[in-house]
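>>> Sharing a model prediction with you, sequence too.
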Amino acid sequence: MSEVVPIDVPSASTAVASTPVLEARALFKRYGDVEAVAGLDLRVGPSEIYCLLGPNGAGKTTTIHLFLGFLEPTGGSVHVSGLDVAAEPLESKRRLAYIPEQVMLYRNLSGLENLEYFAALGGRGSLAAERLTDILVGAGLPRAAVQRRVSEYSKGMRQKVGIAIAIAKEADALLLDEPTSGLDPQASNEFSELLGRLRDRGVAVLMATHDLFRAKETGTRVGIMRHGRLATEMSTDEIGHADLERVYLEHMHG
Amino acid sequence: MIKHIARKEFTDVVRDGRFRWCAALVGALLLVSLGHGWVQARQAQGELAAAQATAREHWESQGEKNPHSAAHYGIYAFKPRLALSFVDAGVDPYTGTSVWLEAHRQNDFLMRPAQDATAAQRIGALTAAHVLQHLVPLLIILLTFGALAGEREQGTLRQLLATGVGRSDLALGKALGIAGALALLLVPAAVVGAAALVVGSPGPAASPLARAAVLAGVYLVYFAAFVGLSLAVSAQAGSARTALVALLAVWVVNGLVAPRAAVDLSRWIHPTPSAVEFARTLEREMATGVEGIERPDQAATAARLMAQHGVERVEDLPLNDVGVYLQESEEFGNRIFDRNYGALWDTFERQGLVHEALAVAAPLLAVRTLSMGLAGTDVEQHRHFATAAEAYRRDLMRQMNGDLTENSRSGDFSYTAGPDLWAQVPPLRYDAPTLGWVLNNRLLSLLVLGLWLAAAVLAAAAGARRAEVA
Amino acid sequence: MLLRTVLRNERRLLAADPALRIALVVFAALFVYALANGMVWDRFQARTVEAARSGNAERVRGLAQELTDIANGAQPSSPFRDPRAPIVLGGARGAHTAVLEPGPLAALAVGQSDLLPYYYDVSIYTNESSFQQNGEVENPLNLMVGRFDLAFVTVYLLPLLVLALSFNVLSEEREQGTLALTLSQPVSARGVVGAKLAFRALLVVGLAAGVSLLGILATGGFTEAGRVLLWCAAVSLYALFWFALAAWVNSLRRSSAWNATVLVGAWLVLVVVLPAAINIAAGLLHPLPSRVEMITAQREASNDAVNRRSELLARYLEDHPEMASGVVPDEPGMAALTWAATDAVNGRLEEVTAVHDARRAEQLALIRRYRFLTPALLAQGVLVDAAGTGDARFAHFQSQVRDFAERWRQFFVPAILADERMTAAVLPGVPSFRFVDEQPADVARRAAVPLLVLGGLVVLVSVGAGVALGRVRGAA
């Protein structure tokens, strides 16, 4: 790992006023000699859509996995709604929804059965099948596909079941890892709309993405990660598309 | 081309850590079981030979007595351990080792070694034959399951076929490579076994080396069939994992399920009488005779003899009528024994046929039958010895009754014979059946094993031809 | 909650997976076939016992009839078989059949019952060589292979079902990608794996125990609850051991293929190789002399005894004054001389047997110690013991037969020595054998240590798996 260049974090004016839902404090994750996350400080408040940008290996996915408790930090801490993930792994996961890059499901079960299972694991086993169907349809799955086996689904359809799982959980925060990769533009647009609706309900969204355009369109804030820490952070209101791209490239080569 | 594939496969296999471990384990078990079997067989044969000599000594030194008393005293026969029994103990632990040859009755073989063992020992007998029949096929499966399926998963199959290798050449090359790896394990074991046979044969047998050679051939065919079968499954299976699961299922059915299933099935199809029933029937028939086998009557015999010799009183006969009567009742008994024991042995053989026939589902059953047959430890060769011992008993009784008839007179109960007569009885000599006899008895198993080999070769060839490349 | 959710999902997954369904159906069929075999054998034994009993009764009736006829002036059927002679009535002609009834669970495990005799004709001639007699008429080939009974299916095949159901319980979730979504829920990997295995254990143990209970119901009924409990405990713990092992291997976070290879290897070593290796070791360390020398000893003793009968009788009378009331030592009858010779031979046989049994005990002790090396031997031992077809119940029977033979001799020998005449009035007073079954507590005590060790293994491996699974956080 090269020496970390100190960066000027611009305009903290947009910093979250209320209590953050997702918070990383001086977070470190080391694999052998490699610092995947090196002193990350991050806060995402309610009704925020925070887009983490950065090249492959910048530590975006690691950060998300640290929030989920899939990994243990080597330094610092992660908090969900004020809960320390390390101390209360299950309670903090109860407040998180997660959509992985590739939503993989039980192929021999239907979309509805998958949703029923994961919703029940998430503590929402009381939801009736009709309600779950509505959630699936609301997430964009054709009603006819609800009862079909997942082995017949396209990637986009699986992704929608993943979204439905996240919606059904009614969590405080949503973690997304490259959610739109491999989706066609229309599906991506639908997806952005959906995120907007969740934000309106007060959900805090943390999304790792490569897609600068969508980050500008959908996000309320963007953070550019490099070498395991935030290189810069800005509000999307403050910056145009072209500016974002310029800043991004600057940080990549800087 | 085949040579290159075989060499690559050989190198690949031999460098595989899993193969080394498994081969070391199987090899060690094979050598230990061979050694243990050899030591045990030699020790047992030593004891049996000594006991047989002592029995003969007892017979010869029984002193002056009436020949019929000597017949009652009788002699014990001990079943010898044959030369190859150290490779495959077969049913030997479950057949008696000795039989008392006495007047009037055919006795059962007593002293089954298994009766001294525990239930725990019954689940885990280990002979070289077990290793060869069960563990070597498992090793073959582990070596072969990925041979084609694995290459397909790695994508090397496409590359290989792109070089212009014929598909059946590929399969043959793989088979030869695996055979080479197995040879590393099997050839030393075969050499050790043959050396043990030459250096210190544990017991007698007709042409033991020829039997050993055929035995080796039978196992080679069995292994070849397994290699072919595994290659066929590996070629057809969707993934290496599927191939492994399918082959393990085959192994379990072949080695565990089918043999035991055959036991109960054979008992259902050909039930044997209970010991009580058998003994009762024998007792009843001995007491009253059966249709066509009349029980001799002492008075009638005497009357017939007197008529023949034109005398009025038994005392005037030039022979002892009791001797004639005793021999007649021996012969009556022999026919009853032949009826009952013969039927029982025939039932055993028919049960054995059920085992042999089920070999179409599990080649192990054919190999096991042939292996025991060649080692001389199957039920048929036990029967062969039992028949020889019984024939010896009948000769012995005939001699004793003959002496009584000719050298004493009716009514003379004080007649005794001496060591001269005892020594005139030849010692029990047993000639084990010839190789031809064994093979002739086992044609069904030979046929089924041959069919398995043919089927495996065809399946492997067809599998390789039809295997999907990617 | 978690358990219920996972169970429901697993049930759906199972219902949707034809391969697992087939595996379960095949195993159910194997269980039923095994049970049917056991029941056929159980009925066969029951019929044989009945035939042996009725044969005995018939013999006694025949003797009573003949004795009455003789008292009324008829001639005995043969001078050598005159039932008035106590050596005849107490000998082979009047022998009493001592019977071991098949136990209440005999249909579950054939055990040693196809090999060891379960009835003996006891007479004054009963001695150590009598216990060498063959058991049931049986094809040696079938004896060698062993029966397809529930004990076999449990010890050999049940682990394979367990492994087929659980070798990829965690690795599959990771390989198909569902683990990430699962672990993003407020559940731990340990909890999910535990619940999944609980579902499978319920299925497998339910199947095994269900078929066993069915068999018990169909044959003996629940007359001996202790044995039933031991059987079920052994089946359950043995199955749980394999589940725990699968959990542990899964917790190592390798691929499904790796798990399968390791678990099948473990099965092979624990079920096939180790029991065989233990037996080889026992044979090498404590070789058993063959029983052949027993024959030689018997012959030599009887040759010797025949020549020294008078001397032996005198010594016998000295040693056993209690047997000798009413004997006229100066004019011993032929029967008394015969008895003296018989007794001398029996004594010699006991000496030979004692040496043999001592060596056998050493070998058995070794095997008993080493059976702790593999759960397969532990489970098998408890299963046949609980079913009452193991070595222990047969040994228990044999020792009772030995005692009974002694009682029999106590009854007849004084009469032989005194050269008394027996009448039909004696018959009702002749000793009669009744098998006293083992105390349930004795069976339980024997099974306790193996079961505890088996249970300990289950706990140990489960805890190891639990600790390792506790470290599984992410989907990688």
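On my side now, so go ahead. Please read these numbers as outputs of a predicted model, since none were measured by experiment. Residues are numbered from 1 along each chain as shown, chains lettered A, B, ... in the order given.
>>> And the residue lying closest to C:G333 once chain neighbours are set aside, which helix or strand is it part of?
The shortest distance from C:G333 to any non-neighbouring residue, by CB to CB, 6 or more residues apart in numbering or on different chains, is to C:D419 (4.1 Å). Every residue, glycine included, has its C-beta placed from N, CA and C. Using DSSP states H and E, C:D419 sits in no helix or strand.
>>> tally of neighbours for C:D419?
18 (other CB atoms under 10 Å in any protein chain shown).
>>> Kindly report the same for the one 3 residues further on.
Residue neighbour count, defined by other CB under 10 Å, stands at 22 for C:M422.
>>> With the one 5 residues further on instead?
Other residues lying near C:L427 total 16 when counted by other CB under 10 Å.
>>> Now do the contacts for it.
Neighbour list for C:L427: C:60, C:63-64, C:67 [criterion: CB atoms under 8 Å, 6 or more residues apart in numbering or on different chains].
>>> Skipping its backbone neighbours, what lies nearest the residue nearest in space to the middle of chain B in space?
For chain B, the residue nearest the mean C-alpha position is B:D378 (1.5 Å; CA atoms, centre = their mean). Using CB to CB, 6+ apart and skipping the chain neighbours, the partner closest in space to B:D378 is B:M372 (3.8 Å).
>>> Give me the local confidence score for A:S13.
Note on A:S13: pLDDT of 38.
>>> related to what we said a few turns ago, dump the contacts of C:L427 into TSV; add distance to C:L35, neighbour count and secondary structure as well.
Formatted as TSV, the contacts of C:L427 follow (distance: CB to CB, whole Å; neighbours: other CB atoms under 10 Å in any protein chain shown; DSSP: H, G, I helix; E, B strand; the rest coil):
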residue	distance to C:L35	neighbour count	secondary structure
C:V60	37	16	helix
C:L63	42	20	helix
C:A64	43	17	helix
C:L67	48	23	helix
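>>> can you redo those residues as JSON lines with pLDDT and distance to chain B?
Listed next are the contacts of C:L427 as JSON lines, based on pLDDT from 0 to 100; distance: CB to the nearest CB, whole Å:
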{"residue": "C:V60", "pLDDT": "92", "distance to chain B": "16"}
{"residue": "C:L63", "pLDDT": "92", "distance to chain B": "15"}
{"residue": "C:A64", "pLDDT": "92", "distance to chain B": "19"}
{"residue": "C:L67", "pLDDT": "92", "distance to chain B": "20"}
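>>> which of those lies closest to chain A?
C:V60 (69.4 Å; CB to the nearest CB).
>>> For C:L427, see how far away the residue nearest to C:G333 is.
Separation of C:D419 from C:L427 (CB to CB, to the nearest Å) stands at 19 Å.
>>> Does the closest residue to C:G220 other than its chain neighbours lie in a helix or a strand, and which?
Spatial nearest neighbour of C:G220, chain neighbours left out: C:P104 (3.1 Å); criterion: CB to CB, 6+ apart. Using DSSP H and E, C:P104 sits within no helix or strand.
>>> Just give me the neighbour total for C:P104.
For C:P104, using other CB under 10 Å, the count is 21.
>>> residues touching it, list them.
Taking CB under 8 Å, 6+ apart as the criterion, C:P104 is in contact with C:216, C:219-224, C:227, C:388.
>>> One more: C:S130?
Here C:S130 is in contact with C:Y120 (CB under 8 Å, 6+ apart).
>>> So which residues of chain C form strands?
C:96-99, C:119-122 (DSSP state E).
>>> what does the stretch 101-250 of chain B give?
B:105-106 (DSSP state E, counting those that start in this stretch).
>>> do stretch C:381-394 and chain B meet?
Yes: counting by CB under 8 Å from any CB of the partner chain, chain B has neighbours in stretch C:381-394: C:381, C:384, C:390-391.
>>> hmm, back to that, hang on, the residue nearest to C:G333 packs against C:L337?
No: look at C:D419 against C:L337 with CB atoms under 8 Å: they stay out of range, at 10.9 Å.
>>> So what's the residue count around residue 181?
Picking chain A for this. 14.
>>> my question was about chain C
Neighbourhood size, C:L181 [other CB under 10 Å]: 26.
>>> How many neighbouring residues does residue 159 have?
Let's take chain A. Using other CB under 10 Å, A:Q159 has 26 neighbouring residues.
>>> other chain: chain B
So B:Q159, with other CB under 10 Å, has 11 neighbours.
>>> Near chain B, which residues of the stretch 51-200 of chain C are found?
C:51-52, C:55, C:111-112, C:115-116, C:119, C:132-148, C:152, C:155-157, C:160, C:164.
>>> hey, where'd the helices end up in the stretch 351-476 of chain C?
Counting by DSSP state H, counting those that start in this stretch, one finds helices in the stretch 351-476 of chain C at the ranges C:375-387, C:391-417, C:440-470.
>>> So which of those helices has the densest surroundings on average?
The highest mean neighbour count among these, using mean count of other CB atoms under 10 Å in any protein chain shown, belongs to helix C:375-387: a mean of 28.
>>> Setting aside sequence neighbours, what's the nearest residue to residue 251?
Picking chain A for this. Nearest-residue entry for A:H251: A:A231, 4.4 Å, with adjacent residues in sequence omitted and distances by CB to CB, 6+ apart.
>>> you looked at the wrong chain, it should be chain C
C:A468 (3.5 Å).
>>> contacting residues for the one you found?
Applying CB under 8 Å, 6+ apart, the residues near C:A468 are C:248, C:251-252.
>>> Closest one to chain B out of these, please.
Nearest to chain B among the contacts of C:A468, with distances taken as CB to the nearest CB, is C:L252, at 16.6 Å.
>>> Contacts only, for the closest one.
Contacts of C:L252 by CB under 8 Å, 6+ apart are C:259, C:468.
>>> And C:L469, by the same measure?
Contact analysis of C:L469 by CB under 8 Å, 6+ apart lists C:170, C:188-190, C:193-194, C:247, C:250-251.
>>> quick one: low-confidence ranges for the stretch 151-300 of chain C?
For the stretch 151-300 of chain C, applying pLDDT under 70 flags the ranges C:221.
>>> Tell me where it has helices.
Under DSSP H, counting those that start in this stretch, the stretch 151-300 of chain C gives helices at C:158-166, C:171-175, C:178-183, C:189-218, C:225-251, C:256-267, C:274-285, C:292-307.
>>> Could you count how many residues lie near the closest residue to C:S184 other than its chain neighbours?
Spatial nearest neighbour of C:S184, chain neighbours left out: A:Y98 (3.6 Å); criterion: CB to CB, 6+ apart. Look at A:Y98: counted by other CB under 10 Å, it has 27 neighbours.
>>> Now do the helices in the stretch 51-200 of chain A.
A:60-68, A:89-94, A:111-121, A:129-138, A:155-169, A:185-200.
>>> Tell me which of those sits nearest to C:E293.
Among the helices of the stretch 51-200 of chain A, helix A:111-121 comes nearest to C:E293, with 70.3 Å by CB to CB.
>>> Is the closest one in proximity to chain C?
Yes: applying CB under 8 Å from any CB, one finds helix A:111-121 touching chain C at A:113, A:117-118, A:120-121.
>>> Then stretch B:9-28?
Yes: Stretch B:9-28 lies within reach of chain C by CB under 8 Å from any CB, at B:18, B:25.
>>> pLDDT averaged over that stretch, what's the number?
The model assigns stretch B:9-28 a mean pLDDT of 83.
>>> who touches that stretch?
For stretch B:9-28, contacts defined as CB under 8 Å, 6+ apart pick out B:131, B:135-136, B:138-139, B:142-143, B:147, B:173-174, B:176-178, B:180-181, B:184-185, B:188-189, C:261, C:273.
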